[in-house]
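Engineer: Compute the structure for the input listed below.
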Amino acid sequence: MTVSRPFVYVNMAMTADGKITSSQREYPRFASSDDRLRMDRLRAEADALLVGAGTIRADDPALHVRSAEMAAHRAKLGRPPELIRVIATRSLDLPADCRFFEDDGARRILATIESAPAERLARLGARAEIWTVGADRLDLTALLARLAEAGVERLLVEGGAELNGSLLISDLIDEVYFTITPALLGGRDAPTPIGGPGFSMSGQRRLELLEVDRVGDELFTRWKIVR
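Structural biologist: This is a model prediction of the structure:
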C-alpha cells in the first residue's frame with residue numbers, strides 16, 4: 001500500500017446472472033437467512049461500515065450487527081457494540097428519518113465535498129460528523145486515510161454499485177465477498193455489484209478465489225484482488 005488505509009472488503013449478494021436488484025431498483029429479496037448471518041459476521045469483524053447515499057435512499061438498511069450470536073462474536077473480538085457508520089454522499093440528500101441517524105451510540109460520519117449544499121451541511125452537521133474530502137468529487141483515498149487516522153483497521157463496504165466501482169477504479173479494495181443466489185432477474189438496466197464506467201479488457205481487475213462454500217442452492221465466495 002502506498003498510503004495508510006484500512007483493509008477494505010466488499011460484501012454483496014447477487015443473482016446467478018449477476019444482478020443486485022431489478023431494473024426498477026426494488027428492495028432485493030433473493031438472499032437467505034444464511035446470507036444475512038454471514039453479513040452479520042462480516043460486520044462483527046469490521047471497525048466501520050461504509051455505504052453510498054443511494055443505498056440509504058433506496059433501501060434504508062439497518063447498519064448494525066443484528067443477530068445476538070454475531071453481537072457476542074463482536075464482543076469477544078474486543079470491539080465496541082456499534083460499528084462506525086460512514087455514508088459517502090456528494091449531495092447530502094438523505095431522508096431525515098433514515099436508520100443511519102438512529103441514536104444508538106454509534107459514531108456517524110457523512111463524507112462529502114466542499115461544494116455540498118450549505119443548508120444540508122448546517123442541518124445534518126448537528127446529527128453526524130461532516131468530513132469534507134474533495135472539492136467537487138469525493139476523494140476516496142483521502143477518506144480512507146482519514147478513517148485510518150481515526151483507528152479504523154477493517155472497513156466493510158456494502159455498496160452500492162457506484163461506490164464499489166469508484167473504490168475499485170482507485171485500487172482501494174482488497175477482498176470481495178459475493179453471495180450467488182439461485183435466482184435470475186435479467187434486465188439491461190438492472191445494476192451489477194460493480195458500477196461506474198468499468199474497465200477495458202486490458203484494464204480488467206483479476207481475482208484469486210480464496211473460499212467457496214455451498215449451502216443449499218447458494219454459493220458464498222470470497223475473492224482477493226490480485227495486484
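
Engineer: And the longest helix seen in the chain, how far out from the chain middle?
Structural biologist: Determined from DSSP state H, the single longest helix within the chain is helix 33-44. Computed by CA atoms, centre = their mean, to the nearest Å, the chain-centroid distance of helix 33-44 equals 14 Å.

Engineer: Repeat that for stretch 80-93.
Structural biologist: Relative to its chain's centre, stretch 80-93 lies at 10 Å (CA atoms, centre = their mean).

Engineer: Also stretch 21-30?
Structural biologist: Its chain's C-alpha centre lies 17 Å from the corresponding centre of stretch 21-30 when counted by CA atoms, centre = their mean.

Engineer: Equivalent analysis for stretch 65-77, please.
Structural biologist: Relative to its chain's centre, stretch 65-77 lies at 19 Å (CA atoms, centre = their mean).

Engineer: Which of the residues in it are classified as buried?
Structural biologist: By 16 or more other CB atoms under 10 Å, the buried positions in stretch 65-77 come out as 65, 67, 70-71, 73-74. Using the backbone N, CA and C atoms, a C-beta is placed for each residue, glycine as well.

Engineer: ranges for the helices of this protein?
Structural biologist: Secondary structure of the chain (DSSP H): helices at 33-44, 53-59, 68-76, 118-124, 140-149, 161-169.

Engineer: Using PDB, write out every CA atom in stretch 201-208.
Structural biologist: Extracted C-alpha coordinates of stretch 201-208, given in PDB (Å, rounded to 0.1, in the frame of the first residue of the first chain):
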ATOM      1  CA  MET A 201     -10.200  -5.800 -21.400                       C
ATOM      2  CA  SER A 202      -6.600  -4.800 -20.900                       C
ATOM      3  CA  GLY A 203      -7.500  -3.000 -17.700                       C
ATOM      4  CA  GLN A 204      -9.600  -5.700 -16.100                       C
ATOM      5  CA  ARG A 205      -9.100  -6.500 -12.400                       C
ATOM      6  CA  ARG A 206      -8.200 -10.100 -11.700                       C
ATOM      7  CA  LEU A 207      -9.300 -12.100  -8.700                       C
ATOM      8  CA  GLU A 208      -7.900 -15.000  -6.700                       C
END
